[in-house]
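Student: here is a sequence with its predicted model. Questions after.
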Amino acid sequence: MGTSINKTAGIAALALTLIPTGTLAQDAGDGGVVLTFGFDSSLTIDDNLTLAEGGSPGTSTVWDSRLSFRVQNTTQTQSLDFQASSVLRWADLPGGATFNGVEEPTMRLSYRREGAASLLTVEAFARSVDLEFLGPLSDPGLPGNNIGTLRQTTARVTLETGIGRTIGTRLTAGYDDQNFVGTVDPDLFDTTTRDVGARVNFRVTPVATAFVDLGRTWYEDDDVGNKQETTDTLSVGVDYEIDRRTLVSASVGYSQVDTTEFGGSSTNDGIVYSLGATRELRNGNASARLTSELDGTSSITTLTFGRSMELPRGTFSGELGFTRLANGSQGVIGSLAYRQDLNDDRIELRLDRTFFTDDGDDKFDTRLGVTYSHEIDAISTLGVEFAYGRVEDGGVGAAPTEEEASLTASYSREIARDWNLEGGVVFRYSDDGAVPGSAQSNAVFLTLGRDFSFRP
């Protein structure tokens with residue numbers, strides 16, 4: 001089975017943006033321990049909370065009280081950032097159903113330690129969330145089928161040694177587990193991915209570094225076929241500095257993918273390669289990259305060109321490319337990130353487009369996000385945010401078109417020191433091509449919150 005417009009594989013990335021991060025990065029940079037406590041209470045009234053197709057089952061009222069805690073500790077050689085939060089939720093749902101309890105326990109850990117020629121980084125994340133209460137464009141299931149709970153756990157450890165020396169190493173290990181409990185959508189199934197990697201660098205000359213890269217990835221799920229997949233890759237390459245501003249990197253290797261599904265086994269193996277170049281410019285850099293890699297059934301070749309630059313009071317980065325699959329399907333991909341600060345305004349834009357194969361169907365996945373904020377005065381701000389996602393057929397197969405969109409308008413005001421009041425309206429829209437009709441919802445919300453920090 002494939003996932004819908006909000007791909008299950010993308011949930012881990014989205015999850016990292018859902019935790020309150022506070023505004024203490026600068027304070028923590030001064031060194032020492034900083035503790036932050038946060039509280040916000042939010043009331044939301046939504047006339048179609050679950051985005052049910054064919055008409056709303058009724059109005060929902062949700063009252064969330066969120067508590068969060070954060071500890072940061074920064075020294076000259078190491079930094080620690082730990083965050084935890086949870087929600088006390090009361091909800092009055094259509095049909096006379098009520099719900100109350102502690103929801104969305106979330107934890108995030110980031111640790112970094114530097115040595116004379118070494119670097120250790122540790123990242124970990126865990127949360128449990130009710131699919132019915134996920135925000136716009138965050139629910140991995142089909143509209144109206146968002147029943148159940150998503151439990152996520154991710155972790156990654158990286159150790160680098162010999163940095164800047166003749167011989168250096170980099171060891172990596174990662175874990176990603178997504179578990180769905182009590183769901184009715186067949187496209188929501190448990191997945192587990194583990195990976196390990198080792199790289200050895202040899203500085204041949206002051207401008208050339210050769211490397212050997214070895215990696216293994218294990219993937220398994222409990223979809224209908226109970227897929228298990230192991231990928232082994234060995235490659236060699238070189239990084240070469242043509243001049244002080246231009247770096248060229250090339251590698252070639254061998255990859256083998258062993259797959260077991262529906263009781264049968266298959267192997268896909270072949271040559272993989274990568275060729276890239278990056279050049280620093282006066283206000284940013286430009287890059288080009290050509291890669292070929294394998295998945296369980298085919299090879300994927302991608303060519304991309306990128307540009308990033310610093311603008312007066314803003315930033316821009318973009319990438320435009322072309323992907324070709326082994327079955328002959330091909331498509332344009334790319335990404336764009338833009339931010340511009342004006343006198344009293346800020347505009348941010350994010351666009352991503354990918355091309356992939358899912359259960360034999362080629363698909364394009366396009367995501368757009370636009371944010372505008374206007375500072376009315378020193379204590380109040382007006383904001384507008386638009387998000388849009390679309391998955392459509394990419395050529396091979398007959399994947400239905402799925403769309404989701406949300407538009408939010410809000411007003412926030414600092415009513416006292418460290419206390420903020422925010423209110424607004426949210427409009428959401430969803431259209432699943434596999435199901436007749438579309439869905440929309442209108443919601444209003446009011447939030448009162450406070451964050452305060454201190455050094456013990």
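Tutor: Received, thanks.

Student: dump the residue contacts of residue 356.
Tutor: 362, 363, 365, 394 (Cβ atoms under 8 Å, 6 or more residues apart in numbering). In short, each C-beta sits where N, CA and C put it, glycine included.

Student: quick one: contacts for the last one?
Tutor: Counting by Cβ under 8 Å, 6+ apart, residue 394 touches 329, 331, 355, 356, 361, 362, 363, 364.

Student: hmm, try it at 6 Å
Tutor: Going by Cβ atoms under 6 Å, 6 or more residues apart in numbering, residue 394 touches 331, 355, 362, 363, 364.

Student: that one and residue 365, how far apart?
Tutor: According to Cβ to Cβ, to the nearest Å, residue 394 and residue 365 sit 9 Å apart.

Student: and for residue 100?
Tutor: 36 Å.

Student: with residue 46 instead?
Tutor: 26 Å.

Student: contacting residues around residue 300?
Tutor: Here residue 300 is in contact with 293, 325 (Cβ under 6 Å, 6+ apart).

Student: the helix or strand harbouring it: what's the following helix or strand?
Tutor: Assigned by DSSP states H and E, residue 300 belongs to strand 299-311. Going down the chain from strand 299-311, the next helix or strand is strand 314-325, by DSSP H and E.

Student: SS state for the nearest residue to residue 441 once chain neighbours are set aside?
Tutor: Spatial nearest neighbour of residue 441, chain neighbours left out: residue 48 (3.6 Å); criterion: Cβ to Cβ, 6 or more residues apart in numbering. Classification of residue 48 by DSSP: H, G, I helix; E, B strand; the rest coil places it in coil.

Student: any weak-confidence spans in the chain?
Tutor: Along the chain, the parts satisfying pLDDT under 70 run over 1-30, 135-146, 359, 396-397.

Student: circling back to that earlier point, residue 100 and residue 365 - which one has more neighbours?
Tutor: The residue with more neighbours, out of residue 100 and residue 365, is residue 365; 21 against 11, by other Cβ atoms under 10 Å.

Student: ok, that one touching residue 354?
Tutor: Yes - the pair residue 365 and residue 354 qualifies as a contact (Cβ atoms under 6 Å) at a distance of 4.8 Å.

Student: coming back round to it: do I have it right that the residue nearest to residue 441 meets residue 56?
Tutor: Yes - at 3.8 Å, residue 48 and residue 56 qualify as touching, with contact defined as Cβ under 6 Å.

Student: looking at those two, which has the bigger crowd around it?
Tutor: Neighbours per residue (other Cβ under 10 Å) separate residue 48 from residue 56, with residue 48 holding more: 23 against 18.

Student: now residue 298, nearest residue through space, not along the chain?
Tutor: For residue 298, the closest residue by Cβ to Cβ, 6+ apart turns out to be residue 326, at 3.3 Å.

Student: and that neighbour, its phi and psi?
Tutor: Dihedral pair for residue 326: phi -60, psi -30, per degrees, to the nearest 10.

Student: and it, how far from residue 258?
Tutor: 17 Å.

Student: list the buried residues of stretch 169-188.
Tutor: Neighbour counts over stretch 169-188 (16 or more other Cβ atoms under 10 Å) mark 170, 172, 174, 176, 177, 178, 180, 183, 185, 187, 188 as buried.

Student: quick check: the last one touching residue 179?
Tutor: No - counting by Cβ under 6 Å, residue 188 sits too far from residue 179 to count as a contact (10.1 Å).

Student: now do the same end-to-end measure for stretch 288-301.
Tutor: One end of stretch 288-301 sits 14 Å from the other (Cα to Cα, to the nearest Å).

Student: ditto for stretch 175-186
Tutor: By Cα to Cα, the extent of stretch 175-186 from end to end equals 24 Å.

Student: OK, contacts around residue 407?
Tutor: 386, 427.

Student: that one bridge partners, please.
Tutor: residue 386, residue 427 (DSSP bridges).

Student: quick check: it vs residue 416, distance?
Tutor: 30 Å.

Student: same thing with residue 378?
Tutor: On the measure of Cβ to Cβ, residue 378 and residue 416 end up 14 Å apart.

Student: so which residues of the stretch 251-400 of the chain form helices?
Tutor: Ranges of helices in the stretch 251-400 of the chain, per DSSP state H, counting those that start in this stretch: none exist.

Student: residue ranges of the strands in it, please?
Tutor: 264-281, 284-294, 299-311, 314-325, 330-341, 345-358, 361-377, 380-393 (DSSP state E, counting those that start in this stretch).

Student: buried ones in the second one?
Tutor: So the one you mean is strand 284-294. Going by 16+ other Cβ under 10 Å, strand 284-294 has these buried residues: 284, 285, 289, 290, 291, 292, 293, 294.

Student: residues contacting the fifth one?
Tutor: The one in question is residue 291. So, once contact is read as Cβ under 6 Å, 6+ apart, residue 291 ends up touching 274, 302.

Student: do the fourth one as well
Tutor: Taking Cβ under 6 Å, 6+ apart as the contact definition, residue 290 lies against 275, 303.

Student: for the last one, same thing?
Tutor: If you count contacts by Cβ under 6 Å, 6+ apart, residue 294 has them with 255, 257, 268, 270.

Student: and for residue 313, the neighbour number?
Tutor: 11.

Student: residues near the closest residue in space to residue 331 that isn't next to it in sequence, how many?
Tutor: The spatially closest residue to residue 331, leaving aside those adjacent along the chain, is residue 355, at 3.8 Å (Cβ to Cβ, 6+ apart). For residue 355, the count of nearby residues is 22 (other Cβ under 10 Å).

Student: list the contacts for residue 355?
Tutor: Counting by Cβ under 6 Å, 6+ apart, residue 355 has contacts 323, 331, 333, 364, 394.

Student: let's go with 10 Å and repeat that
Tutor: Shown in contact with residue 355 (Cβ atoms under 10 Å, 6 or more residues apart in numbering): 300, 302, 321-325, 329-333, 362-365, 394-395.

Student: any idea how far it is from residue 64?
Tutor: 37 Å.

Student: if we can go back for a sec, and the residue nearest to residue 331, bridged to which residues?
Tutor: Beta-bridge partners of residue 355, as defined by DSSP bridges: residue 364.

Student: do you know how far it is from residue 302?
Tutor: 9 Å.

Student: so what sits against both of the two?
Tutor: Joint contacts of residue 355 and residue 302 (Cβ under 10 Å, 6+ apart) are 321, 322, 323, 324, 325, 333.

Student: which single one of the residues you listed is nearest to residue 411?
Tutor: residue 333 (37.2 Å; Cβ to Cβ).

Student: the closest one: neighbouring residues, count only.
Tutor: 20.
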